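Student: Got a predicted structure here, sequence first:
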Amino acid sequence: MKNLFHFILALAVSACTYNNNVLEIYAQKNSATEFRGILDVIKSSDKNVNILFVHGMRGYSYTNGVSDPCRVATDIRDGLNTTPLEVESSEKGELFCQGFLNYKDKKILIMPNYWGALTNLPKYDLAEYDNDPKITEYRTKITSLVKDNLINDGFADAVMYTGNLRQAIIDNVSNSILLMQSKNPNSTTIIVTFSLGSKIVLDTIKQLQDKNSLGDLKNNVEMVYLMANQIPLLNTGFMENGVDQNSDTRREQLIKEYENFNLILKTDPPKVDSKNKIKVVAFTDPNDLLSYTLAPETMGSLKDNYVNVAISIATKTTYVPLKREYGIVNYLTAHTGYVHNNKVRNLLMNGTVEGRD
């Protein structure tokens, strides 16, 4: 009877969930941590504003049928108390939320990039190969969820980006940037990336610079928001000198990566402890398997211009019997849905006044 009681208790504990409410805003030691939100940038800009979105693995995430760009566009509209998105094409606009918002005498262009169409067919084939009923009938539901969504439909994008599709994807994002500039030229720019999109944007900036085609991006980007930054992970697929690298040279290579931001970031007059100095904000869920923070030793000249934000996107953690430290979360949720999280939405729109919220 005693053993039965312990067994029932263990099952009860294993079924419990724990709210993991991490909210931490930090940079390197002695650095200001205040940063501006999208609404701050729009209201203070003396020009029109462009907002570029670049998705990562699996495309944009959806919550209750609303995509990442549509969520942000709606929050901007509500924050500015302006009219709905003026779409250039009703069918395309309603699906993708691409078009203009008006605020006073400013035009705000919402421009989502959709490079995922380039990888859809290979991923479909991969899922077909993996759909062997002799195998799948013995998979647990959680394994199927991770295999189908995080690996076959997710990590496969990263694999293809390190291979022959890399240039096609970079060209696709380059075309979106050039289209954005033609539709709303000489505008203050905000960039929001997701997951793999962080690395893609840096590579695209480098290519545009090499072609002398940065155009309006140069010295015009006010803020860069990285959701689930993957630059350190993806950079391991492009290591110079291969196995001859040591820790110092790997850090140097990451510094070169992040230096590409300096090709486009607007330089404000120096102000002590001003939130205008922070230009790059990286959001990370501590339980996101595929996200990495920005490290001071790899930021180079951006060392005073960045901040990390740790927020639990997957807020529910399930623990194994009597072992809270061995909890698991829905890792797919932890990697997606950043801009659908209320805490992230508030910081993305309004920034922070005191460095901690």
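Tutor: Great, that's in hand.
Student: List the buried residues in the top helix by length along the chain.
Tutor: When the chain is parsed with DSSP state H, its longest helix is helix 166-183. Judged by neighbour count using 16 or more other C-beta atoms under 10 Å, the buried positions of helix 166-183 are Arg166, Ile169, Ile170, Asn172, Val173, Ser174, Ser176, Ile177, Met180, Gln181, Lys183. From N, CA and C alone the C-beta is placed, and that goes for glycine too.
Student: ok, and what's touching that helix?
Tutor: Identification of contacts with helix 166-183 by C-beta atoms under 8 Å, 6 or more residues apart in numbering yields 50, 52, 54, 109, 111, 113, 115, 118-119, 160-161, 187, 200-201, 203-204, 207-208, 213, 215-217.
Student: quick one on the thing from earlier: return the closest of the buried residues of helix 166-183 with respect to Asn330.
Tutor: Ile169 (27.6 Å; C-beta to C-beta).
Student: can you redo the buried residues of helix 166-183 as CSV with distance to Ala334?
Tutor: Formatted as CSV, these follow (distance: C-beta to C-beta, whole Å):
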residue, distance to Ala334
Arg166, 26
Ile169, 24
Ile170, 27
Asn172, 27
Val173, 25
Ser174, 31
Ser176, 27
Ile177, 29
Met180, 30
Gln181, 35
Lys183, 35
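Student: Now tabulate these in JSON lines and tack on pLDDT and distance to Arg251.
Tutor: Formatted as JSON lines, these follow (pLDDT from 0 to 100; distance: C-beta to C-beta, whole Å):
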{"residue": "Arg166", "pLDDT": "94", "distance to Arg251": "23"}
{"residue": "Ile169", "pLDDT": "97", "distance to Arg251": "26"}
{"residue": "Ile170", "pLDDT": "97", "distance to Arg251": "24"}
{"residue": "Asn172", "pLDDT": "97", "distance to Arg251": "30"}
{"residue": "Val173", "pLDDT": "98", "distance to Arg251": "26"}
{"residue": "Ser174", "pLDDT": "97", "distance to Arg251": "28"}
{"residue": "Ser176", "pLDDT": "96", "distance to Arg251": "31"}
{"residue": "Ile177", "pLDDT": "97", "distance to Arg251": "29"}
{"residue": "Met180", "pLDDT": "96", "distance to Arg251": "33"}
{"residue": "Gln181", "pLDDT": "96", "distance to Arg251": "33"}
{"residue": "Lys183", "pLDDT": "95", "distance to Arg251": "39"}
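Student: In the stretch 1-150 of the chain, mark out all the strands, start to finish.
Tutor: In the stretch 1-150 of the chain, the strands defined using DSSP state E, counting those that start in this stretch lie at 17-19, 23-26, 49-54, 62-63, 66-67, 86-87, 99-103, 106-113.
Student: what sits opposite Met111 in the beta ladder?
Tutor: Taking DSSP bridges as the rule, Met111 bridges to Leu52.
Student: State the distance from it to Ile231.
Tutor: 22 Å (C-beta to C-beta, to the nearest Å).
Student: hmm, back to that, report the inter-axis angle for the longest helix of the chain versus strand 99-103.
Tutor: Between helix 166-183 and strand 99-103, the angle comes out at 40 degrees (axes from the mean of the first three to the mean of the last three C-alpha atoms, to 10 degrees).
Student: So in that sheet, which strands flank the helix or strand just after helix 166-183, and in what orientation?
Tutor: Using DSSP states H and E, the next helix or strand after helix 166-183 towards the C-terminus is strand 188-194. Counting by DSSP bridges, the strands paired with strand 188-194 are strand 49-54 (parallel), strand 221-227 (parallel).
Student: Please work out the average pLDDT along the last one.
Tutor: The predicted model assigns strand 221-227 a mean pLDDT of 97.
Student: show me the contacts for the residue lying closest to Met223 once chain neighbours are set aside.
Tutor: Spatial nearest neighbour of Met223, chain neighbours left out: Ile190 (5.1 Å); criterion: C-beta to C-beta, 6 or more residues apart in numbering. Ile190 is in contact with Ile38, Val41, Val49, Asn50, Ile51, Leu52, Val221, Glu222, Met223, Val224, Tyr225, counting by C-beta under 8 Å, 6+ apart.
Student: so which of those comes closest to Asn235?
Tutor: Among the contacts of Ile190, and counting by C-beta to C-beta, the member closest to Asn235 is Val224, at 17.0 Å.
Student: list the contacts for that closest one?
Tutor: Counting by C-beta under 8 Å, 6+ apart, Val224 makes contact with Ile190, Ile191, Val192, Thr193, Val201, Phe261, Leu265, Lys279, Val280, Val281.
Student: Against Glu297, how distant is it?
Tutor: For Val224, the distance to Glu297 - C-beta to C-beta - is 20 Å.
Student: Pull stretch 214-233 out as PDB, backbone CA atoms only.
Tutor: Extracted in PDB, the C-alpha atoms of stretch 214-233 (Å, rounded to 0.1, in the frame of the first residue of the first chain):
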ATOM      1  CA  LEU A 214      23.200  49.000 -49.600                       C
ATOM      2  CA  GLY A 215      21.300  52.000 -50.700                       C
ATOM      3  CA  ASP A 216      19.000  53.400 -48.100                       C
ATOM      4  CA  LEU A 217      20.100  50.800 -45.500                       C
ATOM      5  CA  LYS A 218      23.400  52.500 -45.000                       C
ATOM      6  CA  ASN A 219      23.500  54.600 -41.800                       C
ATOM      7  CA  ASN A 220      19.700  54.400 -41.800                       C
ATOM      8  CA  VAL A 221      18.800  51.400 -39.700                       C
ATOM      9  CA  GLU A 222      17.600  52.600 -36.300                       C
ATOM     10  CA  MET A 223      17.000  49.200 -34.600                       C
ATOM     11  CA  VAL A 224      17.600  45.500 -35.100                       C
ATOM     12  CA  TYR A 225      15.500  43.000 -33.100                       C
ATOM     13  CA  LEU A 226      16.800  39.400 -33.200                       C
ATOM     14  CA  MET A 227      14.200  36.800 -32.100                       C
ATOM     15  CA  ALA A 228      15.900  33.500 -31.300                       C
ATOM     16  CA  ASN A 229      19.300  34.500 -32.700                       C
ATOM     17  CA  GLN A 230      21.100  31.600 -34.400                       C
ATOM     18  CA  ILE A 231      24.300  33.400 -35.600                       C
ATOM     19  CA  PRO A 232      26.700  31.500 -33.400                       C
ATOM     20  CA  LEU A 233      25.200  28.100 -34.400                       C
END
